[in-house]
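A.B. asks: Would you be able to build a 3D model of this:
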Amino acid sequence: MPTGPDDAELELIRRSGAVLRVGRLSLSAGTGSYRVKASMARVARALGVDRHQAHVTLTEITTTSHQGRSFRTEVTEVRSVGVNTDRLNELERLGQRLEAHAPVAVEEVEAEVERIATKPSLYPTWLNALWAAVACAAFAFLNGGGPVEVVGAFLGAGLGQGLRRTMLHRGYNQFGVTMLAAALAATGYLGFVALLEAAGVAGGAHESGYVAAALFLVPGFPLVTGALDLARLDLSAGVARLTWALMIFVSAAFAVWAVSIVVGLSPDPPDAVALDPAAHQGLRLVASFVGVLGFALMFNSPWSMALVAAGVAAVPNVLRIGAVEQLDWPPQAAAAVAAFLVGLLAAWAAPRLNIPRVTVYVPAVTIMVPGVGAYRAVYHLSNGEVTQALEHGVPAALVVTALAVGLAVARMVTDREWGFEH
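C.D. replies: Below you'll find the model as predicted:
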């Protein structure tokens, strides 16, 4: 007669389930495949699992836990993928505590994982929208905008992110929500400019800055983590993550293009604002700091973590812009060097504050992602203007690649596990 599992097998089932749930939480919080595997492996060791193997893609995890002669294989699917840096930080610290007190009881792990899974967002919807508004306002200035473009981007991005956050929390399709949020952000910006012009407050051409209002939708986190997955030879995860990021971006870009067609505008650069060179550099430094701070807080980072990311990014970003404008460096070369500097600074700062590096360097380089150029490429491509699309799209793709290369090289230099094959 068949017999049920014995106590050892039941214990392995519970341990395997706890490890897998840690992986689900890590994956849903937006980290790369490498970090998901590392988190699960640390918890498995702390629970006394002899050997743990995992295969991770963008939305699926397959794991096998070995205990003596027994093993258990489980598969799970993660349909809700986003970015939650506070959760990543909690999981990192959980792994550290468990390793320090290993072996631990599975009940302890289950209780901690449940606490992390049910922890609410640090910021309500209106505050999360405010962080997106601040980031896009800074982005507008860094892309040559003046006061009207900065304020317009602030208002449009706030409206768009508020709608996006509300609809995603209610379970609506990500791509549809992205299109609606982009359309609302661009329309909100243009509505603000129209009101100013009707009131006679602002003159000249300010409509072209509406692209900056939708820059909060540029998927910087999955672009960077996907590229780093490829650097670790996690090809299935990296390709899937980059494909998802591309679909998110295209959804946003087509919505912005649709608004452009309706109102009869093109996303040309705004008129340059005349500023004293020293003051301009100082304002760029402030805008870089504030922009990264806004993105980090939008990703649900605690204030301490967000301030570190902003501090790490400010100087390298200003140096990147100066290298392109004053030294005639190719944009991709400047981006690679800036990302390398960010990676080195993150490697120094993150361990001292006991926070994951990814929560520092990804928001830090998000401000360097050429979202405006990419939006313009999709606009021209949608109008059948292939040459103009390539003029904007190819440099944007090269810069994103360079950012990933810079971060990967910095990680190889500062992390032995990245510098050698296993």
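A.B. asks: Low-confidence regions, this protein specifically.
C.D. replies: Low-confidence segments of the chain, defined by pLDDT under 70, span residues 1-6, 202-208, 266-274, 417-422.
A.B. asks: one more time with 50
C.D. replies: Scanning the chain with the threshold set as pLDDT under 50 gives 1-2, 422.
A.B. asks: For it, just list every one of the strands.
C.D. replies: When assigned using DSSP state E, the strands of the chain occupy the ranges 51-56, 60-67, 70-77.
A.B. asks: Next, format the ones you listed as JSON lines and append distance to residue 343 and mean neighbour count.
C.D. replies: Just so you know, the C-beta spots here come from the backbone N, C-alpha and C atoms, and that holds for glycine as well. Supplementary listing: the strands of the chain in JSON lines, determined by distance: least, C-beta to C-beta, whole Å; neighbours: other C-beta atoms under 10 Å:
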{"stretch": "strand 51-56", "distance to residue 343": "23", "mean neighbour count": "18"}
{"stretch": "strand 60-67", "distance to residue 343": "27", "mean neighbour count": "19"}
{"stretch": "strand 70-77", "distance to residue 343": "31", "mean neighbour count": "14"}
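A.B. asks: nearest to residue 338, of the ones you listed?
C.D. replies: Comparison of the strands of the chain against residue 338 by C-beta to C-beta identifies strand 51-56 as nearest, at 29.2 Å.
A.B. asks: Does residue 283 touch residue 141 like I think?
C.D. replies: Yes - at 6.8 Å, residue 283 counts as touching residue 141 under the criterion of C-beta atoms under 8 Å.
A.B. asks: The two: which is more packed in?
C.D. replies: residue 141 (24 against 17; other C-beta atoms under 10 Å).
A.B. asks: need the contact list for residue 56.
C.D. replies: Remark: with contacts taken as C-beta atoms under 8 Å, 6 or more residues apart in numbering, residue 56 is in contact with 23, 27, 33, 36-37, 62, 234, 237.
A.B. asks: redo that, cut-off 7 Å
C.D. replies: With contact set as C-beta atoms under 7 Å, 6 or more residues apart in numbering, residue 56 has these partners: 27, 33, 36-37, 237.
A.B. asks: what is it paired to in the beta sheet?
C.D. replies: Bridge pairing for residue 56 (DSSP bridges) gives the partners residue 61.
A.B. asks: if we can go back for a sec, rebuild the strands of the chain as TSV, extending it with distance to residue 374.
C.D. replies: Written out in TSV, the entries for these read as follows (distance: least, C-beta to C-beta, whole Å):
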stretch	distance to residue 374
strand 51-56	27
strand 60-67	28
strand 70-77	30
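A.B. asks: Walking through the stretch 51-200 of the chain, point out its helices one by one.
C.D. replies: In the stretch 51-200 of the chain, the helices defined using DSSP state H, counting those that start in this stretch lie at 85-100, 106-118, 125-142, 147-169, 174-198.
A.B. asks: Going by neighbour count, which residues of the longest one are buried?
C.D. replies: Translated: helix 174-198. Of the residues in helix 174-198, 174, 177-190, 192-193, 196 count as buried by neighbour count, 16 or more other C-beta atoms under 10 Å.
A.B. asks: outside of it, which residues touch it?
C.D. replies: 148, 152-153, 155-157, 159-161, 163-164, 167-168, 202, 206-207, 210, 213-214, 217, 247-248, 251-252, 254-256, 258-259, 263.
A.B. asks: could you dump the contacts of residue 56 to CSV with neighbour count?
C.D. replies: Supplementary listing: the contacts of residue 56 in CSV, determined by neighbours: other C-beta atoms under 10 Å:
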residue, neighbour count
27, 27
33, 28
36, 27
37, 22
237, 26
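A.B. asks: wait, which of those is closest to residue 386?
C.D. replies: For those, the residue nearest residue 386 by C-beta to C-beta is residue 237; the value is 31.8 Å.
A.B. asks: contacting residues around the closest one?
C.D. replies: Taking C-beta under 7 Å, 6+ apart as the criterion, residue 237 is in contact with 33, 56-58, 229.
A.B. asks: repeat for residue 335
C.D. replies: So residue 335 contacts 320, 368, 399, 402-403, 406 (C-beta under 7 Å, 6+ apart).
A.B. asks: How about the most centrally placed residue in the chain: what's its closest non-neighbour residue?
C.D. replies: Most central residue of the chain, judged by C-alpha distance to the mean C-alpha position with C-alpha atoms, centre = their mean, is residue 221 at 1.9 Å. Spatial nearest neighbour of residue 221, excluding adjacent residues (C-beta to C-beta, 6 or more residues apart in numbering): residue 83 at 4.7 Å.
A.B. asks: Pull up the gap between that neighbour and residue 366, please.
C.D. replies: Counting by C-beta to C-beta, to the nearest Å, the separation of residue 83 from residue 366 is 10 Å.
A.B. asks: So these two - more neighbours on which side?
C.D. replies: In this view residue 83 and residue 366 are compared by other C-beta under 10 Å, and residue 366 has more residues nearby, 29 against 23.
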